[in-house]
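K.L.:
Show me how the following folds:
(one chain, ligands or ions: 2)
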Amino acid sequence: MTDNKETVRKLITNGGKTPLCFLHSFGCRQNVSDGEKILGLLCDIGYGVTEDITAADLIIYNTCAVREGAELKVYSLVGNLKNLKKKKPELIIGLCGCMAQQEKTVEKIKKSYPYVDIVFGTFALEKLPELLYKVLIERKQAVDIGEYSTEFPEDIRPVRTDRLNASVPIMYGCNNFCSYCIVPYVRGRERSRRPEAVIAEVKELADSGCKEIMLLGQNVNSYGNTLDEKINFSELLRRINDIDGDFRVRFMSSHPKDATKELIDTIIDCDKICKHLHLPLQSGSDRILAAMNRKYTAEKYMETVNYARSRIPDFSFSTDIIIGFPNETAEDFADTMKIVRQVKYDNIFSFIYSKRTGTRAAGMEDLTSDEEKKARMKELLEVQREISSGNFKRFIGRTLTVLFDSDDGDGIFSGKSDEFIIVRAEADSSVIGTVRKVRITKSFNWALQGEII
Ligand code: 5AD
Ligand code: SF4
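P.N.:
Ligands and ions are numbered 1, 2, ... in the order given. Down below sits the predicted model:
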């Protein structure tokens, strides 16, 4: 491979020029993190990175397959590239990620988008230089959706797009097979990274000035299950908390079936861990939860919430909710709304159920109309708006820790608090990239406002 890599480098750099690649990642933080690894591979063979798609010699869309909407968007974008490729025949177009891991995508690309040069799935990420070699030497479409292997690309150095706020995968894949979800099929079985590798990466980020580290896994609560060493997620968090440096730590996602009191205690004990838990509920109906194969009940979910609130009365929770799972009835939806009102989430990410070919739920009968699903979504969003707006009032007069990362214009800057809530304040550009104490003076239903102390 090294020889091929050298050949690719020579071909693309063609007498000293630096070719440019444009990469866009859709979907979750794990996919964005994979995108950073792909950029790492590309820079290693001689590419520079551009954010201007028209200047690129290589365009890669790193896709998401969780919902149909994300897939349709990619097809539309790839369709738009046809003209660019006509004007610039030497342009190389690649499609990768979760959507590209599926046979049906490969077939559709071969049939309807023949000008796409490379298709590679999540199992074949590290094969990209080899695929480029095929395209450049053989001048034909190179496809590799690979064989699933328990290996993962531990030795690729990512090119980080955000140095303040970095993602660190602690595990890959998923074993849960929630009946609606495509992830286990496109990302393979769960495997954890060795704690030493995770800790070394966090240390390096902290030393280089990173202020927030997001630990990633489809279910971080089962961290360690595939390792010989006996270590669970709480122990990993404690080891990370012991690393020197001025940074804070978040993680996602936490499956409620595996969320323990030990986890809540660890979050509360460790000063670097944000006091916030993203705990995807999906549904508040036990009937639907069973059909989703979630392996917990609404009561078990509430035990975790109540335990955290017994220790910190306003412990911050956010969640994911799916509306309109096959045959979700009005009563099932009412059960979801009951939990939403009880937990009083600070934030909810809600999705209308999207049928994914190959999953168990795809074969389930669904008699609920689209109108009904839309009406439920509207009701959920309205109720949540009221809840957030009521919740956020509790912060008025309190001081929150905020990592400022954006300039909203007119002298207003914003960032996220430890609780994962947007906080705005008057400041100047020197505030970007710093962690400040902010006294909250005002609340909206989507954010807080305050004065930097
Ligand atoms: N339809 C709608 N939402 C889905 N999610 C996962 N699969 C689907 C699907 N088929 C949502 C879940 C998950 C989030 C990342 O995406 O709520 O927690
Ligand atoms: Fe999908 Fe469930 Fe795995 Fe999350 S835990 S990735 S929802 S199968």
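
K.L.:
low-scoring stretches of this protein, by residue?
P.N.:
1-2 (pLDDT under 70).

K.L.:
Now do the helices in it.
P.N.:
2-13, 29-44, 68-87, 103-112, 128-138, 183-187, 195-207, 233-241, 261-269, 286-291, 298-311, 330-343, 370-392 (DSSP state H).

K.L.:
Alongside ligand 1, which residues does the stretch 201-350 of the chain contribute?
P.N.:
280, 282, 320, 322 (C-beta under 6 Å from any ligand atom). Using the backbone N, CA and C atoms, a C-beta is placed for each residue, glycine as well.

K.L.:
Around ligand 1, which positions in the stretch 1-150 of the chain sit nearby?
P.N.:
66-67.

K.L.:
repeat that with 8 Å
P.N.:
28, 66-67 (C-beta under 8 Å from any ligand atom).

K.L.:
Excluding chain neighbours, give the residue nearest to K261 in space.
P.N.:
In this structure, K261 finds its nearest non-sequential neighbour in Y307, 5.5 Å apart by C-beta to C-beta, 6 or more residues apart in numbering.

K.L.:
sorry, back to before: just give me the closest of the residues of the stretch 201-350 of the chain next to ligand 1 to G450.
P.N.:
Using C-beta to C-beta, D320 comes nearest to G450 of these, at 28.2 Å.

K.L.:
In contact with that closest one, which residues?
P.N.:
253, 278, 280-282, 348-351 (C-beta atoms under 8 Å, 6 or more residues apart in numbering).

K.L.:
Just put those in JSON lines and tack on distance to ligand 2.
P.N.:
Output for the contacts of D320, formatted as JSON lines (distance: C-beta to the nearest ligand atom, whole Å):
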{"residue": "S253", "distance to ligand 2": "6"}
{"residue": "H278", "distance to ligand 2": "12"}
{"residue": "P280", "distance to ligand 2": "7"}
{"residue": "L281", "distance to ligand 2": "11"}
{"residue": "Q282", "distance to ligand 2": "7"}
{"residue": "I348", "distance to ligand 2": "16"}
{"residue": "F349", "distance to ligand 2": "12"}
{"residue": "S350", "distance to ligand 2": "14"}
{"residue": "F351", "distance to ligand 2": "11"}
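
K.L.:
Could you tell me which of these count as buried?
P.N.:
Taking 16 or more other C-beta atoms under 10 Å as the criterion, what is buried in the contacts of D320 is 253, 278, 280-282, 348, 350-351.

K.L.:
Extract the CA atoms of stretch 310-330 and return them as PDB.
P.N.:
Extracted as PDB, the C-alpha positions of stretch 310-330 are listed here (Å, rounded to 0.1, in the frame of the first residue of the first chain):
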ATOM      1  CA  SER A 310     -32.300  13.800  44.600                       C
ATOM      2  CA  ARG A 311     -28.600  14.700  44.500                       C
ATOM      3  CA  ILE A 312     -28.900  18.000  42.400                       C
ATOM      4  CA  PRO A 313     -32.500  19.200  42.400                       C
ATOM      5  CA  ASP A 314     -32.200  20.900  39.000                       C
ATOM      6  CA  PHE A 315     -29.800  18.400  37.300                       C
ATOM      7  CA  SER A 316     -30.000  19.200  33.600                       C
ATOM      8  CA  PHE A 317     -31.400  16.600  31.200                       C
ATOM      9  CA  SER A 318     -31.800  16.600  27.400                       C
ATOM     10  CA  THR A 319     -33.300  13.800  25.300                       C
ATOM     11  CA  ASP A 320     -34.200  12.400  21.900                       C
ATOM     12  CA  ILE A 321     -37.800  11.500  21.100                       C
ATOM     13  CA  ILE A 322     -39.200   9.700  18.100                       C
ATOM     14  CA  ILE A 323     -42.800  10.600  17.200                       C
ATOM     15  CA  GLY A 324     -44.900   8.200  15.200                       C
ATOM     16  CA  PHE A 325     -43.100   4.900  15.700                       C
ATOM     17  CA  PRO A 326     -45.300   2.300  13.900                       C
ATOM     18  CA  ASN A 327     -48.800   2.300  15.400                       C
ATOM     19  CA  GLU A 328     -48.000   4.800  18.100                       C
ATOM     20  CA  THR A 329     -51.500   5.500  19.500                       C
ATOM     21  CA  ALA A 330     -52.800   8.700  21.100                       C
END
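
K.L.:
in it, what's buried?
P.N.:
In stretch 310-330, counting by 16+ other C-beta under 10 Å, buried: 315-319, 321-326, 328.

K.L.:
Stretch 412-419 too?
P.N.:
Under 16+ other C-beta under 10 Å, the buried positions of stretch 412-419 are 413-419.

K.L.:
what's the answer for stretch 253-263, then?
P.N.:
Within stretch 253-263, the residues scored as buried using 16+ other C-beta under 10 Å are 253-259, 263.

K.L.:
Stretch 286-304 too?
P.N.:
286, 288-289, 291-292, 294, 296-298, 301-302, 304.

K.L.:
again with stretch 33-50
P.N.:
Buried, per 16+ other C-beta under 10 Å, within stretch 33-50: 33-43, 45-47, 50.

K.L.:
ok, it near ligand 2 or not?
P.N.:
No. Stretch 33-50 stays clear of ligand 2 (C-beta under 8 Å from any ligand atom), getting no nearer than 14.5 Å.

K.L.:
what does that stretch contact?
P.N.:
5, 8-9, 12-13, 18-25, 56-58, 60, 62, 96-97, 122, 125-126, 128-129, 132, 153, 156-161, 167-169, 216.

K.L.:
Can you flag which of the residues you listed belong to strands?
P.N.:
20-25, 58, 60, 62, 96-97, 167-169, 216 (DSSP state E).
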